[in-house]
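Trainee: Attaching a predicted model along with its sequence, questions to come.
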Amino acid sequence: MRLRAKSCGWLLAIVLLSTDLAHARDQATPEEKQKYIEVSQKLEADPLGPEAAEDRKWALTFVFEVPGFGLKVCTAFLAPLLKSDMKYSKEINLQTLISSAAFMFANPEKAQDQDNVYVAGLLGSLRTYESILKQHADAQFKFLDELIGKRDEGELGKYVQKKKRECSK
């Protein structure tokens, strides 16, 4: 029960962020998109840095403010992490959304290919995890290590294909 509540809590936080903080604005400018991409890369490289919490908040708020952006949230890909007590699960999970949006901003021609967007989000989360491990080797998490193995073997796309069926459940 506790694990399910924690998982629902993350999703609730995302929904509240998107509804409470979103307000009418124009489409993102090229400069804003570039800033978003840079912030995403910064968070992947240094997810625990002194500005990381504020950057993460800005990135999540911004992406939900852009009208008609169409970022889809699927918790199935990192479900074991969502259900865990891993110390840095929040940073890794939220990076999936941030990296997905950065991919969409950087590749508007591929933004409608949901599989590519999902893979980009997972890749960002894995880079974030690897960055955390450089500072905190004790943050090792078997499930994420297995996903890195899939990435390194070129199998992350197949993983997305399999798990995305759970996204609408």
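Mentor: Alright, I've got the coordinates.

Trainee: elements contacting the longest helix along the chain?
Mentor: Identified as the longest helix of the chain according to DSSP state H is helix 114-135. Applying 3 or more CB pairs under 8 Å, 6 or more residues apart in numbering; DSSP states H and E, we find helix 114-135 packed against helix 30-45, helix 89-106, helix 142-152, helix 156-163. No exception for glycine: its C-beta is placed from N, CA and C like everyone else's.

Trainee: highest average neighbour count across those?
Mentor: helix 89-106 (a mean of 24; mean count of other CB atoms under 10 Å).

Trainee: could you give the angle of it to helix 114-135?
Mentor: 130 degrees (axes from the mean of the first three to the mean of the last three CA atoms, to 10 degrees).

Trainee: With just CA atoms, put helix 89-106 into PDB.
Mentor: Output in PDB follows, covering the C-alpha atoms of helix 89-106 (Å, rounded to 0.1, in the frame of the first residue of the first chain):
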ATOM      1  CA  SER A  89      14.400   8.600  -7.400                       C
ATOM      2  CA  LYS A  90      12.700  12.000  -7.700                       C
ATOM      3  CA  GLU A  91      15.600  13.500  -9.700                       C
ATOM      4  CA  ILE A  92      15.800  10.500 -12.000                       C
ATOM      5  CA  ASN A  93      12.000  10.200 -12.500                       C
ATOM      6  CA  LEU A  94      11.500  13.900 -13.200                       C
ATOM      7  CA  GLN A  95      14.400  14.000 -15.600                       C
ATOM      8  CA  THR A  96      12.400  11.600 -17.900                       C
ATOM      9  CA  LEU A  97       9.800  14.400 -18.400                       C
ATOM     10  CA  ILE A  98      12.400  17.100 -18.800                       C
ATOM     11  CA  SER A  99      14.600  15.100 -21.300                       C
ATOM     12  CA  SER A 100      11.500  14.100 -23.200                       C
ATOM     13  CA  ALA A 101      10.400  17.800 -23.600                       C
ATOM     14  CA  ALA A 102      14.000  18.800 -24.500                       C
ATOM     15  CA  PHE A 103      14.000  16.200 -27.200                       C
ATOM     16  CA  MET A 104      10.700  17.500 -28.600                       C
ATOM     17  CA  PHE A 105      12.000  21.100 -28.600                       C
ATOM     18  CA  ALA A 106      15.300  20.000 -30.300                       C
END
